[in-house]
Structures are given as structure tokens and as C-alpha cells.
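Visitor: Okay, sequence plus prediction incoming.
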Amino acid sequence: MSIDIEDFEERTSAELEEPSNAERVLRFLYENRDKAWKASTVAERANVNENSISAVLNRLKEQDLVRHKGSYWAITDDTERLRRAHQFHRTVQRFDELYGEEDREEWVEASERSNE
């Protein structure tokens, strides 16, 4: 895949990144919040691999960002929670852009050293 050089020059690194599967699912469900969907349809419409969709939806359910009933999924009706999650996500992306991404292994090692 390619992009125009103008886009390359004008956009930030974060803007050039592809959205994650979770972002795609949330965007699709939010844009279609008047309906509930089967997982396979969510995968197809959100452009997420069907083998990954159950894990993505279950992770979002654990975070109370989607609802699940029977074989259907829908965006949360808690719009404040959804807004805060989106705001937090954007803040983390901005910090990563400014200061670099955190290295999980470094945090684990530091934690283990402090527990010794």
C-alpha cells in the first residue's frame, strides 16, 4: 500500500498508523449504534480477521465498551465511558508520539528488582 507524498509529509506518525482491530470494531459499532450485530458481520464490516473477532469483542466487553446478548454485539450505552476511553487512548498515543512508546519488559524488570 502506498500514500501520496503530500500525506506522508503533512501527517504525524500516529495519523499514518492503521487503526487497531479494537478501534475498527468500536468505530463500526458506534457508527451503527442503532443495531446489534453478529460477530461475523462485525468482523466483515469492520475489516477485522474473523479468527480475531471473538478475542477483540470479549476484550472490549471486559472493558464495558460493548454489550453482548446471545450471538449479538452492540456498542455500550454508556457514552461517558466510551468518551473517556477514547480520550485516554488519544492521550496515550500523544505521549507515545512525544516521548516514545513504553517498553513493557522494562517495567516488568524494574518491578521485579524493586520486589527483591
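Guide: That came in fine, so what should we check first?
Visitor: quick one, longest helix in the chain?
Guide: Longest helix of the chain, by residue count under DSSP state H: helix 79-99.
Visitor: just checking, next helix/strand downstream of the helix-or-strand element of the chain with minimal mean pLDDT?
Guide: Every helix and strand of the chain was ranked by mean pLDDT, DSSP states H and E. The lowest is helix 13-16, at a mean of 69. Counting by DSSP states H and E, the element after helix 13-16 in chain order, helix or strand, is helix 21-31.
Visitor: Average pLDDT for the helix or strand that comes right after that next one, rounded please.
Guide: Later in the chain than helix 21-31, the nearest helix or strand by DSSP H and E is strand 37-38. When pLDDT is averaged over strand 37-38, the result is 98.
Visitor: Between its first and last residues, what's the separation in stretch 50-70?
Guide: End-to-end distance for stretch 50-70, by Cα to Cα, to the nearest Å: 18 Å.
Visitor: what does that stretch contact?
Guide: 21-22, 25-26, 29, 36, 39-40, 42-44, 48, 73-78, 81-82, 85 (Cβ atoms under 8 Å, 6 or more residues apart in numbering). (Each C-beta comes from the backbone N, C-alpha and C, glycine too.)
Visitor: if we go to 10 Å?
Guide: 20-26, 29-30, 36-44, 46, 48-49, 73-78, 81-82, 85-86 (Cβ atoms under 10 Å, 6 or more residues apart in numbering).
Visitor: Right, I'll leave it there.
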